[in-house]
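Colleague: let's see this in three dimensions:
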Amino acid sequence: MSTLDTIPKTKKEALVEILLRLADDRIVHGHRLSEWAGHGPELEEDLALANVALDMIGHASSLYSYAAELEGKEDEDHYAYFRDDIEFKNIAMLELPRGDFAFTIARQFLFSAFSYFLYEKLIETTDDEQFKGMLSKHLKEIKYHLRHSREWVLRLGDGTEESHKRMQEAFNEIWMYTGELFDLDDADQVAIEHKVYVDVSTFHDQWKNLVHETIEEGTLTVPDSEQYMFSGARKGRHTEHLGRLLAEMQFLRRSYPDATWK
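Modeller: Have a look, this model is predicted:
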């Protein structure tokens with residue numbers, strides 16, 4: 001049996017699995033957002049996207065650090081720089097190419113809305129105090145990410161003919177990847193039993209209502225929810241885009257594996 005198919009049995013194993021899933025989402029998303037540095041539509045937004053990218057990478061670093069502590073690894077660099085694409089556990093939505101500004105906003109909004117409800121539930125559920133403290137700190141920043149991206153959805157959707165068109169195209173393009181947000185596998189079920197994850201179906205309606213209301217308020221049309229939904233990225237079945245992203249992100253660290261900061 002491949003290590004990718006191994007189901008955690010203990011609480012520690014289940015928590016490490018969840019930490020890596022959350023961290024991989026955020027390191028990949030942070031990298032995509034960082035690609036906007038110097039390319040934002042206006043100076044203020046250029047800085048805003050850079051700050052959200054730094055938040056995502058900071059969240060990933062703390063999650064990786066706790067996973068490293070639990071697994072007895074020297075530091076979190078192993079997870080970010082020395083795993084191949086098949087070992088990453090992020091959802092596919094976050095590895096898709098940067099796209100235009102509307103696509104970035106659509107992705108940020110959908111993921112931030114999911115993260116907001118997930119973290120609220122996790123904070124209520126988990127009895128791991130270190131994990132709970134980490135989530136509580138991150139949630140404060142996630143609230144800003146959600147508010148910021150929602151405001152842009154409304155501004156672009158109910159803006160010019162061109163901004164409306166691009167915002168609608170962005171949601172249409174990314175919608176097939178939203179189903180994966182709410183997929184639950186055996187590893188999730190074990191984590192739920194150990195109180196280090198939650199049944200995401202319990203807040204699906206809240207997420208759906210917020211997303212639909214925002215899209216409609218922005219004079220946009222909610223894409224067809226019955227369309228084909230991509231799945232499998234949590235188990236290593238990624239798009240071709242992740243390998244290219246990691247090649248760029250990991251190149252320097254892998255080229256000088258023994259390098260240290262002085």
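Colleague: now do the contacts for the closest residue to Ser163 other than its chain neighbours.
Modeller: Excluding the flanking residues, the one nearest Ser163 by C-beta to C-beta, 6 or more residues apart in numbering is Leu156, at 4.3 Å. Using the backbone N, CA and C atoms, a C-beta is placed for each residue, glycine as well. Leu156 is in contact with Phe101, Ala102, Ile105, Ser163, His164, Arg166, Met167, Gly218, counting by C-beta atoms under 8 Å, 6 or more residues apart in numbering.
Colleague: okay, buried residues for stretch 196-213 please.
Modeller: Val196, Tyr197, Val198, Val200, Phe203, Trp207, Leu210, Val211 (16 or more other C-beta atoms under 10 Å).
Colleague: repeat that for stretch 30-49.
Modeller: Buried, per 16+ other C-beta under 10 Å, within stretch 30-49: Gly30, His31, Arg32, Leu33, Ser34, Glu35, Trp36, Gly40, Ala48, Leu49.
Colleague: give me the three-state assignment for Ile192.
Modeller: helix (DSSP: H, G, I helix; E, B strand; the rest coil).
Colleague: before we move on, what about Thr219?
Modeller: Under three-state DSSP, Thr219 comes out as coil.
Colleague: list of residues touching stretch 209-225?
Modeller: 109-110, 113, 150, 153-154, 156-158, 164, 167-168, 171-172, 175.
Colleague: re earlier: which one of the buried residues of stretch 30-49 is nearest Met56?
Modeller: Gly30 (3.3 Å; C-beta to C-beta).
Colleague: the closest one sits in which helix or strand?
Modeller: helix 11-34 (DSSP states H and E).
Colleague: name the nearest of the contacts of Leu156 relative to Leu19.
Modeller: Of all the contacts of Leu156, Leu19 sits closest to Ile105, with 27.8 Å by C-beta to C-beta.
Colleague: enumerate every residue touching that closest one.
Modeller: Counted by C-beta under 8 Å, 6+ apart, Ile105 has contacts Ser149, Trp152, Val153, Leu156, Met167, Ala170.
Colleague: switch to 7 Å and redo it
Modeller: Counting by C-beta atoms under 7 Å, 6 or more residues apart in numbering, Ile105 touches Ser149, Trp152, Val153, Leu156.
Colleague: with Gln227 instead?
Modeller: Trp175, Met176.
Colleague: just Ile91 next, same as before
Modeller: Here Ile91 is in contact with Asp25, Glu180, Leu181, Ala233, Arg234 (criterion: C-beta under 7 Å, 6+ apart).
Colleague: repeat the analysis, applying 6 Å as the threshold.
Modeller: Contacts for Ile91 (C-beta atoms under 6 Å, 6 or more residues apart in numbering) come out as Glu180, Ala233.
Colleague: show me the shaky parts of the stretch 1-150 of the chain.
Modeller: For the stretch 1-150 of the chain, the stretches with pLDDT under 70 are 1-7.
Colleague: wait, I meant the stretch 151-262 of the chain
Modeller: If you take pLDDT under 70 as the line, the stretch 151-262 of the chain has these spans: 260-262.
Colleague: again, 80 this time
Modeller: 252-262 (pLDDT under 80).
Colleague: any chance you could map the helices in it?
Modeller: 161-174, 186-193, 204-217, 240-255 (DSSP state H, counting those that start in this stretch).
Colleague: with just CA atoms, put the second one into PDB.
Modeller: In this case it means helix 186-193. Coordinates of each C-alpha in helix 186-193 appear next as PDB, following Å, rounded to 0.1, in the frame of the first residue of the first chain:
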ATOM      1  CA  ASP A 186     -11.400   8.200   5.300                       C
ATOM      2  CA  ALA A 187      -8.500  10.300   6.700                       C
ATOM      3  CA  ASP A 188     -11.000  13.100   7.300                       C
ATOM      4  CA  GLN A 189     -13.400  10.800   9.100                       C
ATOM      5  CA  VAL A 190     -10.600   9.600  11.400                       C
ATOM      6  CA  ALA A 191      -9.600  13.200  12.100                       C
ATOM      7  CA  ILE A 192     -13.300  14.000  12.900                       C
ATOM      8  CA  GLU A 193     -13.400  11.100  15.400                       C
END
